[in-house]
Structures are given as structure tokens and as C-alpha cells.
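# Below are the sequence and a predicted model; questions follow.
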Amino acid sequence: MEILSQLWNSILGIIGDSAFASLGWRNYVMILISFVLIYLAVKKQYEPLVLLPIAVGMLLVNLCPGIALGGSTELIPVDEYNAAHPGEIVTYAKTVLNGVTYYNKPASGGLLFYLYQGVKLGIYPPLIFLGIGAMTDFGPLISNPKSFILGAAAQIGIFITFIGAILLGFSPTEAGAIGIIGGADGPTAIYVTSILAAELLGPIAVAAYSYMALVPIIQPPIMRALTTKKERAIKMTQLRSVSKLEKILFPIIVTVVVALLLPDATTLIGMLMFGNLMKESGVVDRIAKTAQNELMNIITIFLGLSVGSTATGQVFLSLKTIGIICLGLFAFCMGTACGVLFGKIMCKATGGKVNPLIGSAGVSAVPMAARVSQKVGQEEDPSNFLLMHAMGPNVAGVVGSAVAAGVLISILAK
Amino acid sequence: MLENLKLGLIILLTGIVIVFSVLVLLIGIIKLYSTIVSSVQNSMSNKKDKKEKNESEKVEAAVPAAAKAEAAVEETKTEQPEDDGTVPGEIVAAIAAAIEVIFGEGTVKIKSIKKSSKRRSVWKSAGVAENTRSF
């Protein structure tokens, strides 16, 4: 009889500890959302390298919230502990409360809590930038430096959205984190959000990566609406070839100039340009390849899982998330529109030598945004090849969004 | 709210001004160093071209066409000293003929022939002698 009663108690204990007893409806909704994201990543291949780890992180944290909880300290009365563990040499720190001495017994946190420290401390996004730098060819930008104007123009969306977010009632730091979605640069968005509004990391990361995946759907209608048929058919002259020395000097010069002018952008730009220097110097092939592949892949897994783990039901299922998703889309559209409009200005200024479609590539999203410029251009004239011309503003957009991030951090984080 | 809106306007203007200033500055710097680098590289390549041209003129002076080489060698029959930097006519003719045989007549133009600075080690020479001696 006693055995049966103990069995029953054990079963009740397991049921009491199970997720069924502790999860709320929000967690179940988030589990369903994570399934949708897994479907989009696997079936539709929307940024699967990032979306899949984010979705799995989201799934795990909503199934078992403890996986993202930090370590804790349990206070156990010394007498009680010694009675339970006779003969044990105890090394725990002691605390005296109301005349009773307690051991401070530490309990470790969940896996995702420790992985999240890389986001919280701002380690993962710069390392992703290192890998991006090691993969990026800045040649098109060096051969046509005016592309920087388009890379800067596409960042205007960030600052316009900032005002939009303020009007919707977000705090200035939250508005800064939301605005950076318009930069269309996942690591930059995560970096800025982790500094300015860490509690919004989940919704902002999901919005940023979703819109980056949707670039081929979001951008073309805006591009067509703002340009004429004649402008879209403009053929641009071939870019000059860039020497190896110019490519080696570029990352060094950009790092020095940006770091001197805007110290808050040094982390992102410094890592981006270090990666590029490794690639262009050609003397450290082994570590350049590691930065491009193994390191980038490992950090992507850690970043995705830990960002997904911030999307708990309590945080994600709120009106703020809907506001963030709407404002993110607005930022993205504004960035694209400003890029195209500046492309038109450059077209007029150069007497029709610049195709305004390359302006939309000024939002980062490398190389997707440049491919969209190429595709829309070829719809008008199949013999028109804009890809390399669009790569200039595209990589300038990466530098531009890092500079914009530096501006937001320097003003809002203090 | 009004204060936040004011901050928003400040950030909008500051952001646009700083992002554009930094990137426009980068345009100027990139253009400047591109000009400097390309002019330096042009002058260096000009010097190199000149040097190559001089060398090829030297060799051309020493190297008659492969077809004429043998005749020229027979005519002169004078031994040229090996240390004056030029390659003896017989050797030039032999190399030119060998190259013509391998690559086909008239397909290759020899610009220069230089002596290899590497000399065979004693052991290598012994090996070559061992393998090439007559039976």
C-alpha cells in the first residue's frame, strides 16, 4: 500500500514539474509561431540559416522557460545541510541572517542563458561582421565611391522611423532599436537593440530577419513606383578594375576615419574591416577562411538560438510587437524609397549615367538587395547588367548602417 | 511626449548629417588615395616596361632569329666570354631551336634568356654524371 502511495506521489510530482502545469496560453501560442517560422525556414527558405535557429530557440524557451534562466543561489541552513551531507567538506560561502548561518549553494542556469551572454555583452554581432567582412568584395565601391551617397541615403529610413516610433508611444531607446530595422542588417539591429532595449530583442530580430528575407517582395513595387521606364532601362558604364593595393588600403583607411569620427561605430566597423583586410591581404588565408565559414557558422547558431530564446510569450505577445513589426516594415520601405530617390538625383546630376534602381541596394541585405536591382533592371531591358553597380551601394549600406548604429548608440545610450 | 518628439527631430537631423558627412568624407579619401595609388603604380609600371624593353633589345641584339642563328654562329665562330652577362650565340641558337621544336615554328617569341643563378650541387652533378655517362 505504501509503495502504491509513493508511486502515486511520484507521478503527481512529475506531472507537477511538467510543462503542462507551468506553461500559460502565451507559451502555447509562441510554440505555434515557432512552428510557422520553422515551416518558413525549411519550406520557403526565408533566411533559413538564421530563422531556423531563432525558431528553435523560441520553441525551446516556450517549452521549458528554465533553459534561458540564469544561475541562482540557494540559502540552506548550515546544520540542515551538514545533517544531510555528513562528512562532506563544504566550500560554499556563508551568510548569516537573523542569527542563522546559511550556505550559499549556487545552482547553474540554463544553456540558452549562457549562450545569450554573447548577445548581451555585444560579442556575437561584431564577430558576424568579421565574417561578413571576410566575404565581402569592396571593389565595386572603391571603383565608384559615389555609391556611398546611396548607402547613406538608404539609412534615412532609420531616423524617420525613429520619429514614427516616438509618436506611437515608444521610449527613445526603444524607438532607436526599432528604427535600426530599416538598416536591413540583422547583426547591426541585434547589436543596437542589445545596448538600447534588450527586452525587445526577440521581436526586433524576428522583424529584421523576416524583412531581409522579404526584400524581393517588398522592394520591387517601391522601385517601380518611384522610377520611370526610361530610368529603369539606363545602362551604366563598366566599372574600372581596382588594384590589390587599393583593396588592402580600403579597410585600414575606413577603420581609422570612422573610429576617429564616431568611436561608437568602431566595434562593428573595426571587425568588418578586419575581416576584409584578412581577405584582401591574401597572407592569412587560413584564418580568413575560418572567419568566413566555421566561426561565422558557429556564431550564427549561437546568435539565432539565444535571440530566439528572448521571444517568450510574455514578451512577444504584446501590442508592442505588432507596433515593432509595422514600424520595421515602414523603416524598410522608407530606406528603399530614400535610396531610389537619391539614385534619381544622381541620375539627373550625372546626365543620365546612373540607373536609379541601384539606390534601393543601399539598404544592406547583402547581396539580396543588389540582386533585386539587377532583376528589376532586367525586366525593362534583359541586356542590362546592374548587379556589380548595385553591389557598390549595397556594401556601402553595411558601412552606412554601422555608422547610423554608432550615431544612435552615442546619443541614446548615454 | 513633446520632449521625445523634439529628441526625435534632433536625432533625425543629427543622424542624417553625420551619416552623410562620414560617408562623403570617405568618398573624398577613397578618391584621393585611388588617384595616388594608381599614379604611383602607373609610374612603377612605366619604369618596369622601360626596363623590360631595354632587356629585350639587349637579347634581340644577341639573338638573331632562330633560323638565322646557326648560320650566324658558324660565321662568327668566335668564342664569347661567359662572364660579360650575355649568353653565347650557340646556346641561344640551341635554346631557340629547342623551343621552336616544342611549341611549333613561329609561335613563340623569345624576349630574354637569362643564366640561372643556381648552380648544381656536387651531389647533383655526381648524380647527373652517373646517369648520363656512356656505357
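Structure's in. What do you need? Numbers count the residues shown, from 1 in each chain, chains lettered A, B, ... in the order given.
# confidence score at residue 80?
In the absence of a named chain, chain A is used. The per-residue pLDDT reported for residue A:80 equals 89.
# actually it's chain B I care about, not the one you picked
For residue B:80, the predicted pLDDT is 45.
# can you check the one 10 residues further on too?
Per-residue confidence at residue B:90 stands at 82 (pLDDT).
# for the one 3 residues further on, same thing?
Residue B:93 carries a pLDDT score of 86 in this model.
# Check which helix or strand it maps to.
helix B:89-103 (DSSP states H and E).
# And that helix, what does it pack against?
helix B:66-76 (3 or more C-beta pairs under 8 Å, 6 or more residues apart in numbering or on different chains; DSSP states H and E). C-betas here are computed from N, CA, C, even on glycine.
# let's see it at 10 Å
Judged by 3 or more C-beta pairs under 10 Å, 6 or more residues apart in numbering or on different chains; DSSP states H and E, the packing partners of helix B:89-103 are helix B:2-62, helix B:66-76.
# got the angle for it vs helix B:2-62?
120 degrees (axes from the mean of the first three to the mean of the last three C-alpha atoms, to 10 degrees).
# and helix B:89-103, which residues are buried?
B:89, B:90, B:92, B:93, B:95, B:96, B:99, B:100 (16 or more other C-beta atoms under 10 Å in any protein chain shown).
# And the residues you listed, which is closest to chain A?
Closest approach to chain A among those (C-beta to the nearest C-beta): residue B:99, at 32.1 Å.
# quick check, residue B:113 in a strand?
No: counting by DSSP: H, G, I helix; E, B strand; the rest coil, residue B:113 is not found in a strand; it is coil.
# Setting aside sequence neighbours, what's the nearest residue to it?
residue B:87 (5.1 Å; C-beta to C-beta, 6 or more residues apart in numbering or on different chains).
# Confirm that the one you found lies within a helix, as I assumed.
No: counting by three-state DSSP, residue B:87 falls outside a helix, being coil.
# Can you list phi and psi of it for me?
Residue B:87 adopts backbone torsions of phi -100, psi 130, taken as degrees, to the nearest 10.
# what's the closest of the helices and strands packed on helix B:89-103 to chain A?
helix B:2-62 (4.0 Å).
# Show the secondary-structure elements that the closest one is packed against.
Looks like helix B:2-62 contacts helix A:139-143, helix A:147-153, helix A:156-167, helix A:172-179, helix A:244-261, helix A:387-412, helix B:89-103 (3+ C-beta pairs under 10 Å, 6+ apart).
# again, only using 8 Å
Using 3+ C-beta pairs under 8 Å, 6+ apart: helix B:2-62 touches helix A:139-143, helix A:147-153, helix A:156-167, helix A:172-179, helix A:244-261, helix A:387-412.
# Export the buried residues of helix B:89-103 to CSV and append columns for distance to residue A:274.
Listed next are those as CSV, based on distance: C-beta to C-beta, whole Å:
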residue, distance to residue A:274
B:89, 57
B:90, 57
B:92, 52
B:93, 56
B:95, 49
B:96, 51
B:99, 48
B:100, 52
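# Which residues of the stretch 101-250 of chain A lie near chain B?
Proximity of the stretch 101-250 of chain A to chain B, by C-beta under 8 Å from any C-beta of the partner chain, involves residues A:141-142, A:145-146, A:148-149, A:151-152, A:155-156, A:158-160, A:162-163, A:166-167, A:169, A:171-172, A:175-176, A:242-243, A:245-246, A:249-250.
# As TSV, the helices and strands packed on helix B:2-62 with distance to residue A:332, mean pLDDT and mean neighbour count would be great.
Output for the helices and strands packed on helix B:2-62, formatted as TSV (distance: least, C-beta to C-beta, whole Å; pLDDT from 0 to 100; neighbours: other C-beta atoms under 10 Å in any protein chain shown):
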stretch	distance to residue A:332	mean pLDDT	mean neighbour count
helix A:139-143	22	92	23
helix A:147-153	14	94	29
helix A:156-167	7	94	25
helix A:172-179	11	94	28
helix A:244-261	24	93	18
helix A:387-412	12	93	27
